[in-house]
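Visitor: All I have is the shape, not the residue letters:
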């Protein structure tokens with residue numbers, strides 16, 4: 001009896017481990033806003049995601065997203081040059097943004113919130129990503145967040161005028177995942 005009890009107690013004392021995932025092809029990270037009332041949409045095609053996640057073990061979850069800012073594109077050369085320049089992302093000085101979440105909450109069904117920190121232009125601020133989790137052999141995380149661009153110094157000078165570009169920028173992602181090796 002004693003030999004059976006010890007392994008059972010050890011198993012209970014081990015920390016919960018989430019499944020590790022890496023980003024697979026077909027994933028997207030996009031942003032949208034308005035410029036003088038007209039909607040613009042952009043993407044970060046060079047982003048990468050690492051996720052440790054199990055809906056039954058949220059305390060062990062972790063999300064890391066690396067965003068190379070020089071890859072930002074709206075497919076409009078005028079917008080893209082300004083976007084990557086000093087007034088917005090200043091990609092030469094701040095080449096990467098990073099989002100790291102270590103606190104996850106269940107919102108009901110297959111919906112969750114990942115509370116984390118966005119590091120952008122040398123500024124760290126809290127951001128919450130709400131997402132839907134679609135399990136399977138290649139699970140999918142589909143999420144949304146709102147980023148207050150001025151809190152990160154994005155759109156300085158004349159671009160700080162929120163009648164030209166609102167402060168709130170919508171961010172959306174669809175990350176196809178594969179078990180990490």
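Guide: Thanks, I have it. As the structure is a computational prediction, the values presented were derived from the model and not from experiment.

Visitor: what ranges do the helices span in the chain?
Guide: Remark: helices assigned in the chain by DSSP state H are 2-13, 77-84.

Visitor: Can you pull out the low-pLDDT segments for this structure?
Guide: 1-17 (pLDDT under 70).

Visitor: Please enumerate the strands of it.
Guide: Remark: strands assigned in the chain by DSSP state E are 19-23, 28-35, 38-43, 48-53, 62-68, 96-108, 111-120, 123-134, 140-148, 168-179.

Visitor: Quick one: list the elements packing against the fourth one.
Guide: Other elements packing on strand 48-53 under the criterion 3 or more C-beta pairs under 8 Å, 6 or more residues apart in numbering; DSSP states H and E are strand 19-23, strand 62-68, strand 140-148, strand 168-179. Any C-beta I mention is one placed from the backbone N, CA and C, and that applies to glycine too.

Visitor: try 6 Å this time
Guide: strand 19-23, strand 62-68 (3 or more C-beta pairs under 6 Å, 6 or more residues apart in numbering; DSSP states H and E).

Visitor: The last one vs strand 28-35, what angle?
Guide: When you say that, I think you mean strand 62-68. Interaxial angle, strand 62-68 versus strand 28-35 (axes from the mean of the first three to the mean of the last three C-alpha atoms, to 10 degrees): 60 degrees.

Visitor: All good on my end, thank you.
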